[in-house]
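K.L.:
need coordinates for the following:
(chains A, B, C and D)
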There are 4 protein chains.
Amino acid sequence: MKNAFVTRRRVEFMDTDMAGIVHFATFFRYMETAEHELLRKLGIPVVARLDERPLGWPRVSCGFEYRRPVRFPGEIEVHLGVARLGDKSITYQAQIVQEAKVLAEGHSTCVCCEIGPGHELKAIAVPGDIVEKLQPYRISDDSESEDA
Amino acid sequence: MKNAFVTRRRVEFMDTDMAGIVHFATFFRYMETAEHELLRKLGIPVVARLDERPLGWPRVSCGFEYRRPVRFPGEIEVHLGVARLGDKSITYQAQIVQEAKVLAEGHSTCVCCEIGPGHELKAIAVPGDIVEKLQPYRISDDSESEDA
Amino acid sequence: MKNAFVTRRRVEFMDTDMAGIVHFATFFRYMETAEHELLRKLGIPVVARLDERPLGWPRVSCGFEYRRPVRFPGEIEVHLGVARLGDKSITYQAQIVQEAKVLAEGHSTCVCCEIGPGHELKAIAVPGDIVEKLQPYRISDDSESEDA
Amino acid sequence: MKNAFVTRRRVEFMDTDMAGIVHFATFFRYMETAEHELLRKLGIPVVARLDERPLGWPRVSCGFEYRRPVRFPGEIEVHLGVARLGDKSITYQAQIVQEAKVLAEGHSTCVCCEIGPGHELKAIAVPGDIVEKLQPYRISDDSESEDA
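P.N.:
Presented below is the predicted three-dimensional model:
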């Protein structure tokens, strides 16, 4: 995946199930943590603020396609790219890679929301500096101007 | 969702995250457990055998769309239907429901595999009695004859 | 365990690990959920308020002794009793039971805390009505008057 | 903790709960993973073999004492020492450390078992080379000759 951010991690024993392989739901942990590592690297706090109002990124969609099992013990790479920068949302694409083989491929879409005093969420435009910082990790060239 | 199998469960504290809601990956636990409850109800063991050979159901694809958060404490319903009966695979569709509102919608596809002595997997046709038992839970009328 | 509150639950596939049994950390999920079920049954909210101040129950200690493995699929009982009612804390004792056999035995101590506006915690006396409601579930007769 | 093996890890978002802190059961994941890292570093496979018979390490006891909450985002150190080398068991002691402060302290005991063809477990003496490799990580000087 071109332009992807790459991070490595060990598979943990608790990630497995009685089928002897990493449980399919654990891949979402791997993808989310890679998202947070990318944001941290870019200086974008996971829990951010915009003009004193707290920002959040509720997830509206995610999925994984599994090609080969991931086993313990072992190390994996998570490759993470930005598949789409919507007006109000970010869609990530992820690959779980081992020895240059893609074991699984996932995606995840988060919406940029202002969090009100009563915890109500209001979708807002992704702040410009975040858009700018994520540009180098775009894996495709679809229009940025689409609505979220 | 017409014809769906419905099961109820409590939201557990450990299912939540620091955003104060059920973590998005936990929904896959809810969906998988509902699948297993349906199979058990139908007398289909999760770990089955066909002519003395062990059968498994590796997952090849899954996803969720999130509409509203699920909170602790609370009870949810998981509605589970069979979206597609392929030659060699089953695709489930799931809804997470609370007070008659759909909070999230998911899907999951498993392939019927014979497990060899060295743990190698070989996709095989879904046994006829399993197909028959799942028919009442089909939520759509797409052809059963498609290949997996 | 005399006077224990008993609740039943199914073992879930995701609770297992590649050793083919329920992972040892999952037992803490089972114990905590049983605690919450007992509190709910007694009308004690897990997130409570005392004179408009929010109360919390941070855990200060817990442990498990494992005698036999718990397997999927299967149903277990969690037996939960109050081992000690301190001035400012509650200690639970739990047994994981299957077919009248104790598979594991655990304990857990929570401290009653007032949560300040800046999330600071201050240990306070367990409110009298909570003490009263928990009395029937006491499994031992150690003094109630000890300090937490 | 003198002689301890030290490993670092990031706190992951999914490790937290709605109280805004790392869930108490997650500490057991941190401790177990540190155990496995130590064994790997020493060249001791988690799933080992002794004279062609598979060895396993079922856990018989574990616990944690919590002093301060662990928060996301953040990095923690896990300090792991060998508290006791029994004839047939190993007891680890763990500290969760942040900025030189101990946030929590745990322990865990595993028994060395031969795994029979029908998955039956038989406790056996910890192999001599494993005892030897673990010696430098002993945090106390209790006798090695006690029975497990």
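K.L.:
for chain A, which residues are neighbours of chain B?
P.N.:
Where chain A comes near chain B, counting by C-beta under 8 Å from any C-beta of the partner chain, the residues are A:19-20, A:24-26, A:28-29, A:32, A:56, A:58-67, A:69, A:119. For glycine as for every other residue, the C-beta is placed from the backbone atoms N, C-alpha and C.
K.L.:
mind listing which of the residues you listed are in strands?
P.N.:
If you go by DSSP state E, the residues of chain A next to chain B have A:56, A:59-66 in strands.
K.L.:
about what we covered before: among the residues of chain A next to chain B, which are within reach of chain D?
P.N.:
Answer for the residues of chain A next to chain B near chain D (C-beta under 8 Å from any C-beta): A:29, A:32.
K.L.:
now which of the residues of chain A next to chain B would you call buried?
P.N.:
Using 16 or more other C-beta atoms under 10 Å in any protein chain shown as the burial test, these include A:19, A:24-26, A:28-29, A:32, A:56, A:58-66, A:69 as buried.
K.L.:
surely A:His119 meets B:Gly20?
P.N.:
Yes: the criterion here is C-beta atoms under 8 Å, and A:His119 meets it with B:Gly20 at 7.3 Å.
K.L.:
returning to that earlier point: which of the ones in strands among the residues of chain A next to chain B sits closest to chain D?
P.N.:
Checking these against chain D by C-beta to the nearest C-beta gives A:Arg59 as the nearest, at 11.0 Å.
K.L.:
ok, that closest one touching A:Cys112?
P.N.:
No: using C-beta under 8 Å, A:Arg59 is not in contact with A:Cys112, being 11.8 Å away.
K.L.:
I'd like the average pLDDT over the top helix by length along chain A.
P.N.:
Ranked by residue count, the top helix of chain A under DSSP state H comes out as helix A:26-41. What helix A:26-41 shows for mean pLDDT is 97.
K.L.:
what's the burial count for A:Asp129?
P.N.:
11 (other C-beta atoms under 10 Å in any protein chain shown).
K.L.:
show me the residue at the heart of chain A, geometrically.
P.N.:
A:Glu35 (3.8 Å; C-alpha atoms, centre = their mean).
K.L.:
what sits against that one?
P.N.:
When contacts are counted by C-beta atoms under 8 Å, 6 or more residues apart in numbering or on different chains, A:Glu35 touches A:80, A:92, A:108, A:110.
K.L.:
give me that answer again for 6 Å
P.N.:
By C-beta atoms under 6 Å, 6 or more residues apart in numbering or on different chains, the contact list for A:Glu35 reads A:Tyr92.
K.L.:
and A:Val22, by the same measure?
P.N.:
A:15-16, A:70.
K.L.:
could you redo the last one with a cut-off of 10 Å?
P.N.:
A:11-12, A:15-16, A:29-30, A:66, A:69-72, A:74, A:76, A:96, A:103-104, C:18 (C-beta atoms under 10 Å, 6 or more residues apart in numbering or on different chains).
K.L.:
remind me which residues of chain A are low pLDDT?
P.N.:
Residues of chain A that meet the criterion pLDDT under 70 lie in A:48-50, A:141-148.
K.L.:
hey, where'd the helices end up in it?
P.N.:
Using DSSP H, the helices found in chain A span residues A:26-41, A:128-134.
K.L.:
so what's the residue of chain A found nearest chain B closest to, chain neighbours aside?
P.N.:
As assessed by C-beta to the nearest C-beta, chain B sits closest to A:Gly63 within chain A, at 2.8 Å. The shortest distance from A:Gly63 to any non-neighbouring residue, by C-beta to C-beta, 6 or more residues apart in numbering or on different chains, is to B:Gly63 (2.8 Å).
K.L.:
A:Phe64 too?
P.N.:
In space, A:Phe64 is closest to A:Gly106, 4.0 Å off (C-beta to C-beta, 6+ apart).
K.L.:
number of residues surrounding the one you found?
P.N.:
There are 24 residues near A:Gly106, going by other C-beta under 10 Å.
K.L.:
over to the one 5 residues further on?
P.N.:
Other residues within reach of A:Val111 by the criterion other C-beta under 10 Å amount to 20.
K.L.:
which strand residues bridge it?
P.N.:
Assessed by DSSP bridges, A:Val111 has beta-bridge partners A:Ser89.
K.L.:
and the spatially closest residue to A:Cys113 that is not a sequence neighbour, how close does it get to A:Arg53?
P.N.:
Once flanking residues are discounted, A:Cys113 sits nearest to A:Leu121: 4.2 Å by C-beta to C-beta, 6+ apart. Using C-beta to C-beta, to the nearest Å, A:Leu121 is found at 12 Å from A:Arg53.
K.L.:
now do the shared contacts for the two.
P.N.:
Joint contacts of A:Leu121 and A:Arg53 (C-beta under 10 Å, 6+ apart) are A:114-115.
K.L.:
overlap in contacts, A:His119 and B:Gly20.
P.N.:
By C-beta under 10 Å, 6+ apart, the residues touching both A:His119 and B:Gly20 are B:Pro69.
K.L.:
list the contacts for A:Gly106?
P.N.:
A:27-28, A:30-32, A:34, A:62-66, A:78, A:80, A:92-96, B:62-63.
K.L.:
can you rerun that using 6 Å?
P.N.:
A:31, A:64, A:94.
K.L.:
and A:Val70, by the same measure?
P.N.:
A:22, A:103.
K.L.:
phi, psi for it please.
P.N.:
phi -110, psi 140 (degrees, to the nearest 10).
K.L.:
picking up where we left off before, so of the helices of chain A, which one's packed in deepest?
P.N.:
Comparing the helices of chain A by mean neighbour count (mean count of other C-beta atoms under 10 Å in any protein chain shown), helix A:26-41 ranks first with a mean of 21.
K.L.:
perfect, I'm done here.
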